[in-house]
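S.K.: Predicted model and sequence follow; I will ask about them next.
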Amino acid sequence: MCGIFGYVGNKTAYTEVYDGLKKLEYRGYDSCGISVIDKGKFRTIKKVGAPDELNGKSNSKATIGIGHTRWATHGVVNVKNAHPHISKDGTIVIVHNGVVENAHQFDYDLKSDTDSEVLANLIADEYTLDLGKAVSRALEKVEGTYGIAVMHRDDPKTIVAARRGSPLCIGISGDNSETYIASDTYALPPEISRVIYLEDGHVATIAADNLHIYKADQAVEFSHKITGVDHKYNAGDREGYTTFLEKEIREQPVAIRNAMRGRFSKDFTNILFGGIKLRKKVRRVLFLGCGTAYHAGLVGKYLIESIAGIPASVEYASEYKYKNTPTEDGTLIVAISQSGETIDTLTAIEEAQAQDHMVISITNVVASSIARLTNMGIYQHAGPEISVASSKAFTSQLTILVMLAIYIGRKHNLSKVQAKRYISQLRKLPALIEKTLDICTECKTLSAKWTSMKSCKFLGRQFMYPIAIEGALKLKELAYVDCHGYPAGELKHGPLAAVGYHAMCVYLAPQKELFEKNVSTMKEIMARDSHIIAITQEGLDFPEDTYDNIIYLPKAPDYLQPILAVIPLQFFSMYMAQSHQYNVDRPRHLAKSVTVE
Ligand code: G6P
């Protein structure tokens, strides 16, 4: 969360930084700012709101600058707390992503309520003509996480960047005359195809035409590794849609095709994952993730148990690292993260690696911190997901998890014949999703009908339970409705007490073999004067007294139903948010990638 962008070269820095921040605004959008060094002075502009608020044009011709788009952690949202921050003596300007945990230990007279301003002052105090050294010395004093870009007023040729726990990359132009700093490669201009990923504990001194990277504590210089960056998946714009969310929901057939592309053996009896080489036979799987990625892990648990036939469990990454989780030899840890940058997941992986577990990742962002840390994994190739609420990344993760279950199953008891049947069903999935997208037009009418709802319960059994909690999360994230998801069988064990007159429930019931059970639970709800939107599949005739509205998904095997059933929930939440005129792509208080604990 929070986006950082910097530029040093021969173009107008303000414009370059503004363009970069515009692409990063999904990382935080409560305030923003840009500083350039112009004729020996900082020119700084800060605004409350997303980078649009900064005028894209400036009369400054400065060729060096840094900028920030903020997701508040310390201090309320106002111009004073927006980045960049300038040291008290006016010499240092900084943009910071992360948290300085010991900021309270330093006694500075601050203008803002942020920990970042403390860092600016610490650097100013350490400065003796070498900005890189000053940054290194200051960082030795701080605890916590950071990705920073720093400039000194009297050094209009240098930006110093440093990282611990918050991603930063450096993009270099083809002729070496321009250098960019960004918290996400996605923000780099398309012509920049050479990138260096800054590692934790490293400091980079960046001038337009030269670059030094060294360890913060040793000042030992590294020969840095330049990696190619592929912009082919860049989102560009909304391509005619009013929101990124709608665009991304509708891109699901393509995202799912991309997740499967090149991953079936020639005879369609096995899965090929080029990025995985396991050193031991997998005896158990443990999924780690946060938010929607955690829900993907929950579906993954059902898939591994039913298809691969081995035990599986799932943990919130934020919990895993603080508890003892007994595991056995042969446990495979699968970390799921769309962004590949979520700090909770990243640190949970470090913990699992420290315990010598096999760890793989499923991420959507090539060369993201999690992809690099695990060194083994499966890329989603879903294309950038800009909207904060996850849609196509989730269904792409579920598709990959079906493949992972087949892959592991084939190393256990899953026969060739069964694997072939699964794969043949899986290959029909994009067409089923296309059908589901067509059906979802009625979600708009439904959301208009239920627009005044204040709370909602989402219920489902078996594979539908994780979708119930994902549906609840979507409606919470997008329409700010207080929602909860439960396994339908849990209703009697508490939630039923809160199901009263006019209570709203979304009931997920596409499974044929659970039909009778679901009918009886739905009747229990309706008998309490409550309302149900039912989601089922073609061919299941629910009695009319079990629902108010019903959506029929195309027929599909039970293990693929989660991928279809979540789609009407995505639309429903989106339309609900739109009916309240909420910002669908940028829900209040949230950020797309959460890089602070
Ligand atoms: C944030 C986002 C969620 C997302 C979660 C995990 O909380 O708002 O939508 O599910 O992070 O993100 P990841 O990138 O690790 O999948």
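M.R.: Perfect, thanks for sending it.

S.K.: Please count neighbours and contacts with C-alpha atoms only from this point.
M.R.: OK.

S.K.: Now do the phi/psi pair for the one residue in the stretch 451-597 of the chain that gets nearest to the ligand.
M.R.: In the stretch 451-597 of the chain, the residue found nearest to the ligand is Lys592; the distance is 4.6 Å by CA to the nearest ligand atom. For Lys592, the backbone dihedrals (degrees, to the nearest 10) come out as phi -70, psi -50.

S.K.: which residue sits closest to it in space, ignoring its chain neighbours?
M.R.: Excluding its sequence neighbours, the residue lying closest to Lys592 (CA to CA, 6 or more residues apart in numbering) is Val388, at 4.5 Å.

S.K.: I'd guessed that neighbour sits against Arg588; true?
M.R.: No. Using CA atoms under 8 Å, Val388 is not in contact with Arg588, being 10.1 Å away.

S.K.: okay, those two: which has more neighbours?
M.R.: Set side by side, Val388 and Arg588 give different neighbour counts by other CA atoms under 10 Å, the larger being at Val388 (21 against 15).

S.K.: which ones are touching that one?
M.R.: Tyr26, Asp585, Arg586, Pro587, Leu590, Ala591, Lys592 (CA atoms under 8 Å, 6 or more residues apart in numbering).

S.K.: how about those in JSON lines, adding pLDDT?
M.R.: Written out in JSON lines, the entries for those read as follows (pLDDT from 0 to 100):
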{"residue": "Tyr26", "pLDDT": "72"}
{"residue": "Asp585", "pLDDT": "91"}
{"residue": "Arg586", "pLDDT": "88"}
{"residue": "Pro587", "pLDDT": "89"}
{"residue": "Leu590", "pLDDT": "83"}
{"residue": "Ala591", "pLDDT": "77"}
{"residue": "Lys592", "pLDDT": "79"}
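
S.K.: Each with direction, which strands does the helix or strand in which Cys505 is found pair with?
M.R.: Per DSSP states H and E, Cys505 falls inside strand 504-508. The pairing partners recorded for strand 504-508 under DSSP bridges are strand 455-460 (parallel), strand 531-537 (parallel).

S.K.: Compile these into JSON lines and extend it with columns for distance to the ligand.
M.R.: What follows is these, written out as JSON lines (distance: least, CA to the nearest ligand atom, whole Å):
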{"stretch": "strand 455-460", "distance to the ligand": "18"}
{"stretch": "strand 531-537", "distance to the ligand": "23"}
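
S.K.: how deep is the residue of the stretch 51-200 of the chain found nearest the ligand tucked in, by neighbour count?
M.R.: In the stretch 51-200 of the chain, the residue that lies nearest the ligand is Trp71 (11.7 Å; CA to the nearest ligand atom). The number of residues packed around Trp71, counting by other CA under 10 Å, is 25.

S.K.: got a list of what it touches?
M.R.: Trp71 neighbours (CA under 8 Å, 6+ apart): Met1, Cys2, Arg27, Gly28, Tyr29, Asp30, Ser31, His589, Leu590, Ala591.

S.K.: and these, which are buried?
M.R.: Met1, Cys2, Arg27, Gly28, Tyr29, Asp30, Ser31, Leu590, Ala591 (16 or more other CA atoms under 10 Å).

S.K.: ok, for the fourth one, nearest residue in space, not its chain neighbours?
M.R.: Going back to what we said before, that points to Gly28. Trp71 (4.3 Å).

S.K.: Give me the phi and psi for the one you found.
M.R.: phi -120, psi 110.

S.K.: For it, give me the pLDDT.
M.R.: Predicted confidence (pLDDT) for Trp71: 78.

S.K.: Kindly report the same for Ser223.
M.R.: Predicted confidence (pLDDT) for Ser223: 67.

S.K.: What parts of the chain come near the ligand?
M.R.: Remark: the part of the chain in contact with the ligand comprises 290-293, 337-340, 342, 388-390, 590-594, using CA under 6 Å from any ligand atom.

S.K.: So which of those belong to strands?
M.R.: With strands defined by DSSP state E, the entries of the residues of the chain next to the ligand inside them are Ser337.

S.K.: Please narrow the residues of the chain next to the ligand to those residing in helices.
M.R.: Cross-referencing these against helices under DSSP state H gives Gly291, Thr292, Ala293.

S.K.: Mind putting the buried ones among the contacts of Trp71 into TSV with secondary structure and distance to Lys444?
M.R.: Formatted as TSV, the buried ones among the contacts of Trp71 follow (DSSP: H, G, I helix; E, B strand; the rest coil; distance: CA to CA, whole Å):
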residue	secondary structure	distance to Lys444
Met1	coil	31
Cys2	coil	33
Arg27	helix	28
Gly28	coil	28
Tyr29	coil	27
Asp30	coil	29
Ser31	strand	32
Leu590	coil	24
Ala591	coil	26
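
S.K.: Pick out the lowest-pLDDT one from these.
M.R.: Met1 (64).

S.K.: give me the number of residues near the residue of the stretch 351-500 of the chain found nearest the ligand?
M.R.: Here the stretch 351-500 of the chain gets closest to the ligand at one residue, Ala389, 4.5 Å apart by CA to the nearest ligand atom. By other CA under 10 Å, the residues close to Ala389 number 27.

S.K.: ditto for the one 5 residues further on
M.R.: As a burial measure, the neighbour count of Phe394 was computed by other CA under 10 Å and equals 25.

S.K.: Pro466 belongs to a helix?
M.R.: Yes. According to DSSP: H, G, I helix; E, B strand; the rest coil, Pro466 belongs to a helix.

S.K.: Stretch 205-217: how far from the chain's middle?
M.R.: Between the mean C-alpha point of stretch 205-217 and the mean C-alpha point of its chain there is a distance of 29 Å (CA atoms, centre = their mean, to the nearest Å).

S.K.: lowest confidence element among the helices and strands of the protein?
M.R.: With mean pLDDT, DSSP states H and E as the measure, the helix or strand of the chain carrying the lowest mean pLDDT is strand 221-222 (a mean of 67).

S.K.: how about the helices in the stretch 151-300 of the chain?
M.R.: With DSSP state H, counting those that start in this stretch applied, the stretch 151-300 of the chain shows helices at 244-250, 252-260, 291-303, listed in chain order.

S.K.: Val359: which of these is closest?
M.R.: For the helices of the stretch 151-300 of the chain, the distance to Val359 is smallest for helix 291-303, at 14.2 Å, taking CA to CA.
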